[in-house]
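Visitor: sequence first, then the predicted structure:
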Amino acid sequence: MERAQRLRQILETKGLTLFRVSARSAQIFGRQSGFYVPHTLYGQLMSSLPTIRQLFALSLITNYRLCDWLSVFGFNLDATAGLQFRIPRRHTTLLDSSSYDPFAWIPWFRERESDNRSARIAPLRSLLARSLPKRGGELLAPGPSRFLYARVGEDDLYALGAFTPGTIVRADRERAADWALTPPSAAAPFFLIEYGYGWTCSRLIPLGKDRVLLHSPRFPGAERELQMSTEARILGAIDAEIRPLLRLIPPPSSPTESRLTKPHEPASNPTNLKDLLQCSRRRAGLSFRCASSLSRSIANRLADELYFTAPSTLSDYETLSQPPHHIQKILTLSLLYSIRIDDFLRVCHLPLDGAGTEPMPDELIPRIHPRLERRLPEIEVTLPKYTGVLRSLFEEWQELPLFLRHALDEVTCIKNFSLSDAFWVGGIEALLHPRLAGATLVAVNRRAKKPPRLAPPGNPSLYLLLRRDGSYVCGTTLLTQGRLVVQVHPRSETRSFQFREGIDAEVVGRVTAVARRLFPASADASHPSHTRERCTGFLRSVARISGPTATDD
C-alpha cells in the first residue's frame with residue numbers, strides 16, 4: 001500500500017484529515033517546532049519519511065501507539081532489535097530483550113499425540129504441531145521481566161572458559177543478592193556485573209566490607225577488586241545460557257579497543273542524549289571509526305544507505321541534545337551501542353508510552369502472520385492449559401525470550417532455521433558431554449552429516465545420531481574407518497558407543513547451539529502469563545482492535 005494512502009486511511013479511522021492534524025500539531029507544538037506536521041506531508045512521503053518527532057506528534061494526536069506508527073513506515077522495532085546479534089562484540093553487552101508490539105502475531109504450537117513423549121531425545125516437530133498463532137502479549141509475563149539477557153564478548157576475561165564468545169546468558173535479578181551467600185568454588189554461580197568498564201560475567205569472591213573480587217581462574221592477573229554500589233553493581237545471577245557451538249558471524253577483525261574506554265560510574269543513569277551516547281559507546285569499547293565500520297554492515301544488511309553513519313557524524317551526535325533527523329540513524333546508534341530503543345527515545349523526551357496508547361487495527365499495520373489466511377474464531381477468555389513439552393518448557397524457563405524470534409538464524413548458526421532443526425533433549429540422563437548437562441533444546445544442522453576423524457582442539461564436534469531402534473544419541477562423534485564413535489565425558493558412567501555408519505546408526509546432523517539451565521528453577525515459580533487477570537485484560541484489548549482472534553485448535 002502506498003504510504004500516503006495508508007496514512008490517509010489511518011487518519012480516517014479517527015475522523016481526521018491531514019489539514020486538521022497539521023493545525024492541531026501547530027496548536028500544540030508551534031509551527032517552528034520539529035513536531036509540526038506539515039499539511040503537505042502526503043507529497044513529501046514520495047521522497048522522504050516523517051521524522052521521529054513528527055511521528056510522535058501523529059501518535060499523540062491520533063492516540064495510536066508510537067511503536068505502531070513506526071511499523072507503518074517500515075520500522076519494525078522487534079525485527080530491528082534482532083539485528084543486534086549480527087554485530088560482533090569484543091565486550092560483553094546487554095541485549096535489548098523488549099517485545100515492543102504485544103499485539104504481534106506469534107507462530108504457536110499444540111501438543112501432538114506422539115509416541116515420543118517418553119523419549120530422552122526427540123525431534124521437536126514430533127512433539128509439537130503448528131497451531132493458530134497467538135498474540136505476543138498472551139505469552140509475555142505481566143510487568144517488568146525478572147530476567148536480563150547479555151551476550152558474552154570476545155574479550156570478557158572473567159567469562160572465558162565457562163562461556164564461549166557469542167553465548168547468550170540470562171541473569172535472574174531476584175537472585176542478585178546470592179553473591180554474598182555463595183562460597184567461592186568451581187561450582188559457584190556466575191553473576192552479571194556492571195562495573196567501570198561495562199559489563200562482565202564472573203564468579204565473585206566476597207572480601208568483606210561490601211568489597212568483592214572478580215574471579216578469573218584462566219587469567220589470574222585480570223582479577224579486580226571492586227567496591228559495591230560505587231564501583232560495581234550486581235545485576236543478577238546467571239541461571240541459563242544459549243551457547244552457539246559454531247560461528248555465523250566472524251569475530252571482530254579490528255584490534256581490541258579496551259584501551260580506549262575509561263571507567264565510569266556503574267550506577268549512573270544518563271538523562272540526556274549526549275551522556276547516553278558517550279557512556280554507551282565507551283562501555284561497548286568502540287571508537288568512532290570502528291562504530292562507523294559496523295554501521296556499514298547494518299546498511300548493507302538492510303539495503304538502506306541511511307543506516308550508515310560516518311565517524312564525524314558519530315562524533316557530532318555526542319555534542320547534540322536533539323535526536324538525529326533520520327529514524328534510521330536512531331536505530332543504528334541503538335544497535336551499535338547496545339541501547340534499548342525505548343531508553344534512547346526516553347532521553348530524547350519521546351517515550352514510546354508517552355503519546356498514544358491505543359493499538360492500531362490489524363488491517364492498517366503489517367502485523368498479520370503470513371500463515372494466517374482465514375478469519376479466526378472468537379477466543380474464549382480462559383487460562384492457557386499446557387501439557388507435555390510446552391508445560392515443561394514453561395516450568396523450566398519461566399518465560400519465553402520472544403525477542404530472539406527475529407534472530408534464530410544467528411543464534412542457532414543455521415540459515416533458514418525451522419522447527420525441524422530443533423530437538424528436545426530434556427530427557428537425557430547419561431552425561432555424554434558437559435555442555436549437554438541441564439540442556440533442554442539443541443539446534444541441529446541437518447546438512448552437516450560428516451563427523452571429523454579427529455576432534456578439533458577446543459571445539460567439540462557434537463553430533464546427533466539416529467539408531468536403528470529409533471532412539472537418538474548425542475555426543476562428541478568421530479568417523480573412523482566407517483564407524484561412528486561417540487565419545488563420553490570422562491566422569492560419565494556410560495561407556496563410549498560405536499556404530500557402523502549407515503547400518504547401526506546414521507548421522508542426523510551437527511549440533512550448532514544448546515539451550516540449557518545452569519541451575520534449576522525455584523519450586524514455587526510458575527509462568528506469570530497463566531494468571532486469569534493477565535489473559536482477561538490483554539484479550540479484551542485484542543478484541544477492541546481486531547474482533548475475532550486466535551485460539552488453539
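Guide: Okay, I see it. Please read all numbers here as calculations on a predicted model, not as lab measurements.
Visitor: from now on I want contacts and neighbour counts done on CA atoms only, so please keep to that.
Guide: Will do.
Visitor: ok, which stretches of the stretch 1-150 of the chain are strands?
Guide: 93-94, 105-111, 122-123, 128-135, 147-151 (DSSP state E, counting those that start in this stretch).
Visitor: deepest-packed of those strands, please.
Guide: Sort the strands of the stretch 1-150 of the chain by mean neighbour count, taking mean count of other C-alpha atoms under 10 Å, and strand 93-94 sits at the top with a mean of 24.
Visitor: and it, how far out from the chain's middle?
Guide: From the chain centre to the centre of strand 93-94 is a distance of 11 Å (C-alpha atoms, centre = their mean, to the nearest Å).
Visitor: re earlier: dump the strands of the stretch 1-150 of the chain into TSV; add distance to L181 and mean pLDDT as well.
Guide: TSV is the format used below for the strands of the stretch 1-150 of the chain (distance: least, C-alpha to C-alpha, whole Å; pLDDT from 0 to 100):
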stretch	distance to L181	mean pLDDT
strand 93-94	25	93
strand 105-111	40	87
strand 122-123	38	92
strand 128-135	40	87
strand 147-151	20	95
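Visitor: can you tell me how far G30 sits from D210?
Guide: 52 Å (C-alpha to C-alpha, to the nearest Å).
Visitor: nope, R125 is what I meant
Guide: The gap separating R125 from D210 is 50 Å, by C-alpha to C-alpha.
Visitor: those two: which has the busier surroundings?
Guide: Neighbours around R125 and D210, counted as other C-alpha atoms under 10 Å, are more numerous at R125. The numbers are 18 against 12.
Visitor: was I right about that one contacting S420?
Guide: Yes: counting by C-alpha atoms under 8 Å, R125 touches S420, with 5.9 Å between them.
Visitor: tell me the SS of D156?
Guide: coil (DSSP: H, G, I helix; E, B strand; the rest coil).
Visitor: ok, it - how many residues close by?
Guide: For D156, using other C-alpha under 10 Å, the count is 20.
Visitor: and for H406?
Guide: Close neighbours of H406, defined as other C-alpha under 10 Å, add up to 16.
Visitor: how close does the nearest residue to it once chain neighbours are set aside sit to C348?
Guide: Among residues not flanking H406 along the chain, G82 sits closest, at 5.1 Å (C-alpha to C-alpha, 6 or more residues apart in numbering). In this view, G82 and C348 are 23 Å apart by C-alpha to C-alpha.
Visitor: tell me which of those two has more neighbours.
Guide: Taking other C-alpha under 10 Å, G82 and C348 do not tie; G82 has more neighbours (21 against 18).
Visitor: tell me the confidence at the more buried one?
Guide: Per-residue pLDDT puts G82 at 83.
Visitor: quick check: it touching D409?
Guide: No: using C-alpha under 8 Å, G82 makes no contact with D409, being 10.2 Å away.
Visitor: shaky segments in the stretch 401-550 of the chain?
Guide: Applying pLDDT under 70 to the stretch 401-550 of the chain flags the ranges 429-431, 455-460, 489-495, 520-550.
Visitor: quick one, strands of it?
Guide: 422-424, 439-445, 462-467, 472-480, 483-487, 497-500, 505-517.
Visitor: as CSV, those with mean neighbour count and distance to G285 would be great.
Guide: Listed next are these as CSV, based on neighbours: other C-alpha atoms under 10 Å; distance: least, C-alpha to C-alpha, whole Å:
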stretch, mean neighbour count, distance to G285
strand 422-424, 22, 35
strand 439-445, 24, 31
strand 462-467, 23, 33
strand 472-480, 22, 36
strand 483-487, 21, 40
strand 497-500, 16, 46
strand 505-517, 23, 27
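Visitor: and these: which comes nearest L160?
Guide: strand 505-517 (17.1 Å; C-alpha to C-alpha).
Visitor: quick check: angle from that closest one to strand 472-480?
Guide: 120 degrees (axes from the mean of the first three to the mean of the last three C-alpha atoms, to 10 degrees).
Visitor: and strand 505-517, how far from the chain's centre?
Guide: Averaging C-alpha positions (C-alpha atoms, centre = their mean) puts strand 505-517 21 Å from its chain's average.
Visitor: how far off strand 439-445 does it point, in degrees?
Guide: Using the same axes, to 10 degrees: strand 505-517 against strand 439-445 is 130 degrees.
Visitor: now do strand 505-517 and strand 483-487, the angle between them.
Guide: Calculated by the same axes, to 10 degrees, strand 505-517 forms an angle of 20 degrees with strand 483-487.
Visitor: other SSEs contacting strand 505-517?
Guide: Applying 3 or more C-alpha pairs under 8 Å, 6 or more residues apart in numbering; DSSP states H and E, we find strand 505-517 packed against strand 232-244, helix 408-412, strand 439-445, strand 462-467.
Visitor: on that earlier part again, dump the strands of the stretch 401-550 of the chain into JSON lines; add distance to F163 as well.
Guide: Output for the strands of the stretch 401-550 of the chain, formatted as JSON lines (distance: least, C-alpha to C-alpha, whole Å):
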{"stretch": "strand 422-424", "distance to F163": "22"}
{"stretch": "strand 439-445", "distance to F163": "15"}
{"stretch": "strand 462-467", "distance to F163": "17"}
{"stretch": "strand 472-480", "distance to F163": "18"}
{"stretch": "strand 483-487", "distance to F163": "22"}
{"stretch": "strand 497-500", "distance to F163": "28"}
{"stretch": "strand 505-517", "distance to F163": "12"}
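Visitor: between these, which gets nearest to Q227?
Guide: Comparing the strands of the stretch 401-550 of the chain by C-alpha to C-alpha, strand 505-517 comes nearest, at 29.7 Å.
Visitor: buried sites along stretch 356-367?
Guide: Neighbour counts over stretch 356-367 (16 or more other C-alpha atoms under 10 Å) mark 356-362, 364-365, 367 as buried.
Visitor: repeat for stretch 24-40
Guide: Across stretch 24-40, burial judged by 16+ other C-alpha under 10 Å covers 24-26, 35-38.
Visitor: let me know the closest of the residues you listed to Q481.
Guide: Nearest member of these to Q481, counting by C-alpha to C-alpha, is F35, at 71.7 Å.
Visitor: of the buried residues of stretch 24-40, which belong to helices?
Guide: Those of the buried residues of stretch 24-40 mapping onto helices are 24-26, per DSSP state H.
Visitor: please tabulate these in JSON lines and include distance to T200 and pLDDT as additional columns.
Guide: Shown next, in JSON lines, are those (distance: C-alpha to C-alpha, whole Å; pLDDT from 0 to 100):
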{"residue": "R24", "distance to T200": "48", "pLDDT": "96"}
{"residue": "S25", "distance to T200": "45", "pLDDT": "95"}
{"residue": "A26", "distance to T200": "48", "pLDDT": "95"}
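Visitor: and which of those is nearest E12?
Guide: For those, with E12 as the reference and C-alpha to C-alpha as the criterion, the closest is R24, at 15.4 Å.
Visitor: ok, that closest one - contacts?
Guide: I61 (C-alpha atoms under 8 Å, 6 or more residues apart in numbering).
Visitor: would you quantify the distance from it to H349?
Guide: Distance, R24 to H349, using C-alpha to C-alpha: 20 Å.
Visitor: about what we covered before: residues in contact with the residue nearest to H406?
Guide: By C-alpha under 8 Å, 6+ apart, the residues touching G82 are 403-407.
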